[in-house]
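A.B. asks: pasting the structure only:
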């Protein structure tokens, strides 16, 4: 390490931008393999640990953590995964069974983040730098890449062999790639979800509700809280959704007047869309997770697609660094993108079914009835149920 007045120059093997689930998972795998890496994150550790995130670890990701010998440390334990698909007054419990007939297992994303931070920083003494600003990427041809950033101690230059962009849809990583290199593929659904974190637990199964008044979901966020998702207009904002309206709509869409108002901790709006950027690499910069692709939350696949990226990328990096074989790194995009497109198809199918089967004002009664027929197949066709389980487990 060199220090030039207030500018510190360092070297590492891999620089990771973003301490979300993908960045922390990759850093943990690399640290366990003896590869030097540094993670830079614009938020502080407390925010990273407490920020509420959607998603659960699917069966494929569980096997990945088992392969790395980290499942017992990082995952919260076996939990049978079920979904209560509600259509107006009818409740249908769908159980996602494993390949051997056993229940699928999962861990919430928030608990995974907390456990990753504990394992990487407190146990492995990994290098995660919080509260950084002004991150700039230099990724010139035939030169070692580097990132510059600032924090409370001054400005820093970090020279490395590879940069991994895990900093989400609006991060600096993807924006550093020239527009002429990237192709963006996107699909807009034309509506949004209102997401509300409330002080009320899920008392039965997680709910995916369909009604003539619109889609509603309730998913667990710890032992005492849950997050409700309600279909809304793209133009809606907080001024359109008072707490009273929120609870009235929940009761209406679930046809349950026994639901009591509870404290609402936060609300935000999520436009439903699918996005894929190709390629997912440029020179010595590689993208993972939301930096490269987005899926609508109805499919619950965003985090697991990020973990798939990291599984493939970690193996490719180790092959390059330990065996001097760069073939897997060079083919990273070609390896990842077919899987991403497969789950984009599932996400569109799932999102369309959940919304078209409800309020017919969106796409008409014909689409409503065909979507309800697809939903009905999950409970009457073993083939449809098996395929749905495979997608939910992440094994398709």
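C.D. replies: Nice, I can see it. Since we're looking at a predicted model, the values are computed, not measured.

A.B. asks: What's the separation between residue 307 and residue 23?
C.D. replies: 11 Å (Cβ to Cβ, to the nearest Å). (Each C-beta comes from the backbone N, C-alpha and C, glycine too.)

A.B. asks: which residue ranges form the strands in the stretch 251-396 of the chain?
C.D. replies: Along the stretch 251-396 of the chain, the segments classed as strands by DSSP state E, counting those that start in this stretch run 264-278, 281-282, 285-287, 293-294.

A.B. asks: Highest mean neighbour count out of those?
C.D. replies: strand 285-287 (a mean of 26; mean count of other Cβ atoms under 10 Å).

A.B. asks: List the strands paired with that one, with their directions.
C.D. replies: Applying DSSP bridges to the sheet, strand 285-287 is found paired with strand 162-165 (parallel), strand 281-282 (antiparallel).

A.B. asks: worst-scoring helix or strand of this structure, pLDDT-wise?
C.D. replies: Least confident helix or strand of the chain, by mean pLDDT, DSSP states H and E, is strand 2-4 with a mean of 59.

A.B. asks: just to revisit the earlier point, in JSON lines: the strands paired with strand 285-287, plus mean pLDDT.
C.D. replies: Listed next are the strands paired with strand 285-287 as JSON lines, based on pLDDT from 0 to 100:
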{"stretch": "strand 162-165", "mean pLDDT": "98"}
{"stretch": "strand 281-282", "mean pLDDT": "98"}
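
A.B. asks: Can you list the low-confidence ranges for the protein?
C.D. replies: Applying pLDDT under 70 to the chain picks out residues 1-5, 77-80, 97-106.

A.B. asks: Export the strands paired with strand 285-287 to JSON lines and append columns for distance to residue 175.
C.D. replies: As requested, the strands paired with strand 285-287 are exported to JSON lines (distance: least, Cβ to Cβ, whole Å):
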{"stretch": "strand 162-165", "distance to residue 175": "9"}
{"stretch": "strand 281-282", "distance to residue 175": "12"}
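
A.B. asks: Of all the ones you listed, which one is nearest residue 88?
C.D. replies: Closest to residue 88 of the strands paired with strand 285-287 is strand 162-165 (Cβ to Cβ; 43.9 Å).

A.B. asks: Figure out how far the following helix or strand past the closest one is from the centre of its chain.
C.D. replies: The element immediately downstream of strand 162-165 (helix or strand, assigned by DSSP states H and E) is helix 172-175. Centroid separation for helix 172-175 versus its chain: 18 Å, with Cα atoms, centre = their mean, to the nearest Å.

A.B. asks: Nothing else from me, thank you.
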